[in-house]
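Student: Next comes the sequence, and after it the predicted model I'd like to discuss.
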Amino acid sequence: MVSRRENGRYFNENSMVGSRVSSSVIGIGLNVNQTRFAFAGGRPTSMKLELGHTIDREKLFSDALKHLTAWINRLYRKEWNRIRESYLQHLFQYEQWLITPMLWVISGDGSRVFSREVNYR
């Protein structure tokens, strides 16, 4: 993720036979060098806008294909622990507070005297 703004989309479609997945199609769409967006809903952005320079699309595709091939090979080798560990490490805000815990000290008249973040880890 480059930012919290939308930089692309993914598509996933599964075909089922009974209770089993018989096939899956997964697609990924990235906004690479786009600087203008006809639809501004969802705060769209692009890699170019976030990084501040034009991206070499051929190199990006080559690098992405190389990484995808490596992960597919890990599936074939049944490296389940490595796959799971990487997945959990890359989950956005996994095991993080969604709201920062704060300690507040309030005086008798209701005014705030002191406040700070509380770290439980």
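Tutor: Here it is on my side, so go on.

Student: Report the helix or strand with the lowest average pLDDT across the chain.
Tutor: Among the helices and strands of the chain, strand 112-117 carries the lowest confidence by mean pLDDT, DSSP states H and E, at a mean of 63.

Student: Can I take it that Asn14 is in a strand?
Tutor: Yes - assessed by DSSP: H, G, I helix; E, B strand; the rest coil, Asn14 belongs to a strand.

Student: what about it, neighbour count?
Tutor: As a burial measure, Asn14 scores 11 neighbours (other C-beta atoms under 10 Å). Any C-beta I mention is one placed from the backbone N, CA and C, and that applies to glycine too.

Student: which residues in the protein form helices?
Tutor: Taking DSSP state H to define them, one finds helices in the chain at 47-51, 57-76, 80-90.

Student: would you turn those into JSON lines with mean pLDDT and mean neighbour count?
Tutor: Shown next, in JSON lines, are these (pLDDT from 0 to 100; neighbours: other C-beta atoms under 10 Å):
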{"stretch": "helix 47-51", "mean pLDDT": "91", "mean neighbour count": "15"}
{"stretch": "helix 57-76", "mean pLDDT": "92", "mean neighbour count": "11"}
{"stretch": "helix 80-90", "mean pLDDT": "88", "mean neighbour count": "10"}
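
Student: which one of those lies closest to Asn14?
Tutor: With respect to Asn14, and counting by C-beta to C-beta, the nearest of the helices of the chain is helix 57-76 at 16.2 Å.

Student: Give me the helices and strands touching the closest one, please.
Tutor: With contacts taken as 3 or more C-beta pairs under 8 Å, 6 or more residues apart in numbering; DSSP states H and E, helix 57-76 sits against helix 80-90.

Student: Of the helices of the chain, which is nearest Ser22?
Tutor: helix 57-76 (16.9 Å).
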